[in-house]
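Undergrad: Build me a model from this:
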Amino acid sequence: MTTETRLRIAMQKSGRLSDDTQALLKRCGLTINVADRRLLAHVANMPIDIMRVRSSDIPGLVMDGVCDLGIVGDNTLEEASLKRKLMGDKFEYVKTTPLNFGGCRLSIAMPEEFNYSSVDDLNGLRFATTYPQLLKRWADEKGINVEFCLLKGSVEVAPRVGLADGICDLVSTGATLEANGLVEVEEVFRSKASLIQTASPLTAEKQAILDTLLPRIMGVMKAKESKYIMLHAPKDKIAQVSALMPGKETPTVLPLAGREDLVAVHVVATETFFWETMESLKALGCNSILVMPIEKMMG
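TA: Residues are numbered from 1 along each chain as shown. So this is what the prediction gives:
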């Protein structure tokens, strides 16, 4: 059983977002004892408990203060916020940080034979969706009226069986739409995972845990987006080499043993390092160019 001194985090019980969340927490140094059928998992090396629940339950658990933190898709979070606001329920939360996984988009898709030219063609149509509030908000912004039928699964079959004219559902690669004879025509909402926090103040003990955990999460996110670049460069070409380096970090320049003409250049790049950049560096006389992933970063 959790206590008031243990930080409580809600995460998806199973699925891609669950896998990505577990990987993130493990890279932050958390040792999690996860059993498939248990909804509560304990972190062995930090005073943290993990509640493993359905994605749709995570926003409410955080908004109601049952959990201190939650890792959830923006699509689920926004849909829950709109619904709770409509119902007059508590919907406040703090988005602590966006995360760089769980990317997808909520889109409208129509049967291949539908003659689509503009958003006005969707006016008055009926859509199968798991996200009626996001669909309604989008339709209001576009100045059209739509109807919906709420489905929790197998949304793609709705047009084929006559339940709806089209669908409004999450799209990743588009392969599922193609397999069901559907074509994406409008993007309603773009989503990634986010770390959210209850709007209620944390106890001093829980805040101390969060103050340790949050920099680790930010470090893992930054490391995932960064590369460590090492190369040997002509000493008289350092200015040109530095100008080619991506990102805003100043390169570290080190002497090479036994060489007066070359130096070692190291830099952390937070932008994409293209093959063309490597070729330009090579043309300046650089060699031993290495581009390596970074596991962790801090400060």
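Undergrad: Domain-wise, how is the protein divided?
TA: 7-101+193-223, 104-191, 226-293 (automatic domain parsing).
Undergrad: Mean pLDDT lowest where, among those domains?
TA: Comparing mean pLDDT across those, the weakest is domain 226-293, with a mean of 89.
Undergrad: Can you pull out the residues in contact with stretch 78-97?
TA: Residues outside stretch 78-97 that contact it (C-beta atoms under 8 Å, 6 or more residues apart in numbering) are 56, 59-60, 62-64, 69, 77, 130-131, 133-134, 137, 189, 191, 194-199, 214, 217-218, 221. C-beta: built from backbone N, CA, C; applies to glycine.
Undergrad: What residues of that stretch count as buried?
TA: Residues 78, 79, 80, 81, 82, 83, 84, 91, 93, 96 are the ones in stretch 78-97 that count as buried (16 or more other C-beta atoms under 10 Å).
Undergrad: Am I right that the first one is in a helix?
TA: Yes: using DSSP: H, G, I helix; E, B strand; the rest coil, the secondary structure at residue 78 is a helix.
Undergrad: now it: how far from residue 285?
TA: 52 Å (C-beta to C-beta, to the nearest Å).
Undergrad: what do you get for residue 192?
TA: Distance from residue 192 to residue 285, by C-beta to C-beta: 41 Å.
Undergrad: dump the residue contacts of the nearest residue to residue 168 once chain neighbours are set aside.
TA: Sequence neighbours aside, residue 129 is the residue nearest to residue 168 in space, at 3.9 Å (criterion: C-beta to C-beta, 6 or more residues apart in numbering). Residues in contact with residue 129 (C-beta under 8 Å, 6+ apart) are 135, 148, 149, 150, 151, 155, 167, 168, 169.
Undergrad: May I ask which of the residues you listed has the most neighbours?
TA: residue 167 (29 neighbours; other C-beta atoms under 10 Å).
Undergrad: what are the bridge partners for it, then?
TA: residue 109, residue 128 (DSSP bridges).
Undergrad: related to what we said a few turns ago, so among the contacts of stretch 78-97, which ones count as buried?
TA: Those of those that meet the buried threshold are 59-60, 62-63, 69, 77, 130-131, 133-134, 137, 189, 191, 194-198, 214, 217-218, 221, by 16+ other C-beta under 10 Å.
Undergrad: before we move on, the earlier item: counting only strands, which of the contacts of residue 129 make the cut?
TA: 148, 149, 150, 167, 168, 169 (DSSP state E).
Undergrad: name the element the residue lying closest to residue 101 once chain neighbours are set aside belongs to?
TA: By the measure of C-beta to C-beta, 6+ apart, the closest residue to residue 101 outside its immediate chain neighbours is residue 20, 4.2 Å from it. In the assignment (DSSP states H and E), residue 20 maps to helix 16-27.
Undergrad: Repeat that for residue 52.
TA: Assessed by DSSP H and E, residue 52 sits inside strand 48-53.
Undergrad: isn't residue 289 right up against residue 228?
TA: No: counting by C-beta atoms under 8 Å, residue 289 sits too far from residue 228 to count as a contact (12.0 Å).
Undergrad: on that earlier part again, quick one: the residue nearest to residue 101 and residue 192 touch, right?
TA: No: under the criterion of C-beta under 8 Å, residue 20 is not in contact with residue 192, lying 10.4 Å apart.
Undergrad: Those two: which has the busier surroundings?
TA: residue 20 (18 against 14).
Undergrad: ok, now how distant is that one from residue 102?
TA: Taken as C-beta to C-beta, the span from residue 20 to residue 102 is 6 Å.
Undergrad: and what of residue 122?
TA: In terms of C-beta to C-beta, residue 122 sits 27 Å off from residue 102.
Undergrad: got the contact list for residue 45?
TA: Contacts of residue 45 (C-beta under 8 Å, 6+ apart): 29, 30, 31.
Undergrad: switch to 7 Å and redo it
TA: 30, 31 (C-beta atoms under 7 Å, 6 or more residues apart in numbering).
Undergrad: secondary structure class for it?
TA: Counting by three-state DSSP, the backbone at residue 45 sits in coil.
Undergrad: repeat for residue 102
TA: Strictly by three-state DSSP, residue 102 counts as coil.
Undergrad: Which phi and psi values does it adopt?
TA: When read as degrees, to the nearest 10, the backbone of residue 102 gives phi 80, psi 20.
Undergrad: For the spatially closest residue to residue 185 that is not a sequence neighbour, pull up the helix or strand it's in.
TA: With C-beta to C-beta, 6+ apart as the criterion, residue 185 has its nearest non-adjacent residue at 4.8 Å, and that residue is residue 116. Secondary structure from DSSP H and E places residue 116 outside every helix and strand.
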